[in-house]
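Asker: using only what follows, build the 3D model:
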Amino acid sequence: MPTDWDDKILYARLNTPFGDLDIMDAPPGRESDPGGNVAIAVDLDDEERAARVFAKLAEDGNVLMPFEATFFARKFGMTSDKFGVRWLISVVPAAVAPA
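Answerer: As a prediction, the model looks like this:
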């Protein structure tokens, strides 16, 4: 990272009753249009709940990656909601599920 980013926050995690929210800003050179420069990642341990959350966020939005099994999560999907906010919804393996 450039030295002028030494005092900036690049990544944060907020533990909520709904799951962990991981927030990461785009570092220099990876910027995008307003609304596309931030993605909100939500890790859940319940597949049905995660599927409902994903479907609700995808309504009137744009599915970027379907909600399905991957090599790193039981289920994972990316969507941008109707406001252009990008969401990454994961059902993590039991060994790393949020407490």
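
Asker: which residues touch the residue lying closest to Asp46 once chain neighbours are set aside?
Answerer: Among residues not flanking Asp46 along the chain, Val91 sits closest, at 7.3 Å (C-beta to C-beta, 6 or more residues apart in numbering). The C-beta positions use only the backbone N, C-alpha and C, and glycine is treated the same way. By C-beta atoms under 8 Å, 6 or more residues apart in numbering, the residues touching Val91 are Asp43, Leu44, Asp45, Asp46, Glu47, Ala50, Ala73, Arg74, Lys75, Phe76.

Asker: now Asp22
Answerer: Tyr11, Ala12, Arg13, Ile40, Ala41, Val42, Asp43, Leu88.

Asker: can I have the buried ones of these as a ChimeraX selection?
Answerer: Selecting only the buried entries of those in ChimeraX, with 16 or more other C-beta atoms under 10 Å as the criterion:
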select :40,41,42,43,88
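
Asker: now the helix or strand containing Trp87: average pLDDT?
Answerer: According to DSSP states H and E, Trp87 maps onto strand 86-91. Mean pLDDT, strand 86-91: 94.

Asker: that strand: partners in the sheet, and parallel or antiparallel?
Answerer: According to DSSP bridges, strand 86-91 forms sheet pairs with strand 38-44 (parallel), strand 75-80 (antiparallel).

Asker: alpha carbons only: can I get that strand in CSV?
Answerer: Once non-C-alpha atoms are left out, strand 86-91 reads as follows in CSV (Å, rounded to 0.1, in the frame of the first residue of the first chain):
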residue,chain,number,x,y,z
ARG,A,86,-22.5,-4.9,-4.0
TRP,A,87,-23.2,-7.7,-1.5
LEU,A,88,-21.3,-11.0,-1.0
ILE,A,89,-23.4,-13.5,0.8
SER,A,90,-21.6,-16.7,2.1
VAL,A,91,-22.6,-19.8,3.9
